[in-house]
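>>> Structure for the following, please:
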Amino acid sequence: MQNKETVSNTEVSNLYRNYVLVMLTLVYVFNFIDRQVLVILQEPIKKELHLSDTQLALLSGFAFAIFYVTLGIPIARMADKRSRRNTVAISLGLWSIMTACSGLARNFVQLLLARIGVGVGEAGGSPPAHAMISDYFPPEKRSTALSIYSAGIYLGILIGFLMGGYLNHHLGWRMAFVAVGIPGIVFALLFYTTVKEPKRGATDVDVVKEPHSFAEVLKVLYSSKTFVCLAFASALNVFCIYGMMNWVPSFLQRLHGLTTGQVGTSLGLILGVGGGVGSFAGGWLTDRFGRQDKRRYLTIPGYAILISIPCAAGALFFQDTYLSVTCIGLVALLQSTYLGPALSVSHSLVPASMRALTSAVFFMVINLIGLGMGPLVVGLVSDWLKPSLGAGSLRWAMSIVLIVGVASCALFFSTAKKYAADLKLKA
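Prediction:
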C-alpha cells in the first residue's frame, strides 16, 4: 500500500536520488557510531564495572545481536507493507535515545539492558533502507549504491572511535555515550521531514505484487542455493570482521600499550578510511566487471577475503605497532568489499515486494553468526587461555579468524558457481 507521500522514479531527479542515498548513508553512520562506541570504551568500562572478556563480548556481540536479528524480521515485514521512510526515522530516534541511556548504567545488567535497547532500535534501520535504495537505483547501479550505503559502517566506526576516545579521555565513558546519542535524535527529525518514500519496484521491469508472507519469502530464499550459500559465506566473513574489530581496541591497549585516546585516533582513521574505500570498491568493481560475468559479484569479494587472511596474521603477530595497525587497516579494506555485492545479488533473486524482508533474513543470518558469535567466541577463548598466557590470550583467541576466513573465501567461490546456475534457470 502506497501513501500520499510516495514518489515514482519518473518524478525523482538524479540530484534528489543521490540526496536520499546520502541521508540513508548518514543514518547508517549513526547506526555504527552508536553500536561501535562501546568497543572503544570497553577497557575503561571493564575496569569500572569489573567485567570479564565474556561479559564484554555479550555487551558488544551476542546480547545485542539476538534482539537485532530477531526483531529485524517483523520490522522488515511491516516495512514491506508500510512506509519504510517512517520505519527508518523512528528506529534511528529509538536507538539514539538508548545509546544516551547507556551512560546512566551503574552495573553490567543495566548496561546490558541499554545495549539491548540499541539493538531493538537498530533492527529497523537497514532492511527498509536497502529496499528504498533498490527502488531508487536500477539494477546496473544498485551494487554501487548499496556499497556507498554500506560505507556508512566505516565512517561510523571512524567517528565513533575518534569521539569515543576523545570524550572518554576528557569527560569519561558515561558522557561519551550521551554525547554520541543526542545528535541522532535530531537527525531522525531531519530525515523524516526531507526524505520521501519511493514507489515499490520503481526501477524494475516486473509488476510489483502485494507484500508476501514471511513463509512465502522464506520458501523462495531457501529454494535458492545462491542465497543460502551466500548468507553463510557472508556470515563467516562477518564472524572474522567482528571477531577482529570488536577486540582490536583492547588488543592494542593490552599488547601494544596504547591509551584509549591513541587507539581512538589511529584505529578510527585507519578503519574508517580503509573500510570505506573497500566497501565502495567492492560495489564499483562488481558493477563494472559483473556486466560480462555475473559470477564476479561473488568472486571479487572472495579474492579480497583470501588476501585479507595473511594481513590479519600480520595484524596479530607483528610486534611493531605501526605494522600491526597498517595490517588492521588492510584487513578492514579487504573484508568490507562483500556487503554491497552480496545485497545486490540477494535482491536480484527476489521480486521488489520481498526486498526488505530478504535483507532482514540475510542480516539475521550474518549477524547471528558473525556479530553474535564472533566477539563471544573470542572472549570465551581469551578468558579460557588467560591463566596460562596472560594478556597474550587475546592474541591467540583472535587468531581463530584466520581459519574462519579460509572457510568464508571457499564458500564465496562455491556460491559464484551456484549463482551462474540460478541465473540460467531464471532465464
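>>> contacts and neighbour counts: CA atoms only from here.
Noted.
>>> any idea how far Thr286 is from Gln335?
Per CA to CA, to the nearest Å, Thr286 is found 15 Å from Gln335.
>>> can you check Asp287 too?
Taking CA to CA, one finds Asp287 at 18 Å from Gln335.
>>> In terms of neighbours, single out the busier of Thr286 and Gln335.
Gln335 (29 against 26; other CA atoms under 10 Å).
>>> leaving aside the residues next to it on the chain, what's closest to Leu56?
Excluding its sequence neighbours, the residue lying closest to Leu56 (CA to CA, 6 or more residues apart in numbering) is Gln42, at 6.9 Å.
>>> for the one helix or strand the one you found maps to, packing partners?
Gln42 belongs to helix 14-49 when elements are defined using DSSP states H and E. Packed against helix 14-49 by the contact rule (3 or more CA pairs under 8 Å, 6 or more residues apart in numbering; DSSP states H and E) you find helix 84-102, helix 108-122, helix 126-136, helix 139-150, helix 152-171, helix 173-194, helix 248-255, helix 260-289.
>>> Out of these, the one nearest Ala304 is which?
In terms of CA to CA, the element of the helices and strands packed on helix 14-49 nearest to Ala304 is helix 260-289, at 9.0 Å.
>>> Report the buried residues of the closest one.
260-288 (16 or more other CA atoms under 10 Å).
>>> Quick check: mean pLDDT of it?
The average pLDDT for helix 260-289 rounds to 86.
>>> Tell me how far that helix lies from the chain's centre.
13 Å (CA atoms, centre = their mean, to the nearest Å).
>>> try stretch 47-66
19 Å.
>>> same thing with stretch 217-235?
18 Å.
>>> wait, doesn't Ile97 sit right on Pro183?
No - in this structure, Ile97 is not within contact of Pro183 by CA atoms under 8 Å, at 9.7 Å.
>>> Neighbour count: the two, which is higher?
Higher neighbour count among Ile97 and Pro183: Ile97, with 23 against 15, using other CA under 10 Å.
>>> excluding its backbone neighbours, what's nearest that one?
Ile97 sits nearest to Gly181 (CA to CA, 6+ apart), 6.1 Å away.
>>> Spit out the contact partners of that neighbour.
By CA atoms under 8 Å, 6 or more residues apart in numbering, the contact list for Gly181 reads Asp34, Ser96, Ile97, Met98, Thr99, Ala100.
>>> go again using 7 Å as the cut-off
For Gly181, the contact set (CA atoms under 7 Å, 6 or more residues apart in numbering) comprises Asp34, Ser96, Ile97, Thr99, Ala100.
>>> out of everything not next to it in sequence, what's closest to the fourth one?
Using CA to CA, 6+ apart and skipping the chain neighbours, the partner closest in space to Thr99 is Gly181 (5.1 Å).
>>> tell me, what residue is most central in the chain?
Residue closest to the mean C-alpha point of the chain, counted by CA atoms, centre = their mean, is Ile153 at 5.9 Å.
>>> Can you tell me how far Ile133 is from Phe64?
For Ile133, the distance to Phe64 - CA to CA - is 26 Å.
>>> Phi, psi for Pro198 please.
Main-chain dihedrals, Pro198, degrees, to the nearest 10: phi -80, psi 160.
>>> For it, the count of nearby residues, please.
Neighbour tally, Pro198, other CA under 10 Å: 27.
>>> Repeat that for Arg291.
12.
>>> can you pull the contacts of the residue lying closest to Thr337 once chain neighbours are set aside?
Leaving aside its chain neighbours, Thr337 sits nearest to Gly282 (4.1 Å; criterion: CA to CA, 6+ apart). For Gly282, the contacting residues are Ser147, Pro301, Thr337, Tyr338, Gly340, Pro341, by CA under 7 Å, 6+ apart.
>>> ok, 8 Å please
Contacts of Gly282 (CA under 8 Å, 6+ apart): Thr144, Ser147, Ile300, Pro301, Ser336, Thr337, Tyr338, Leu339, Gly340, Pro341.
>>> cool, and Val365?
Contact partners of Val365, counting by CA under 8 Å, 6+ apart, are Val69, Ala231, Phe232, Ala235.
>>> Which of the residues in stretch 368-386 are classified as buried?
368-385.
>>> Let me fix that, I meant to ask about stretch 300-314.
300-309, 311-314.
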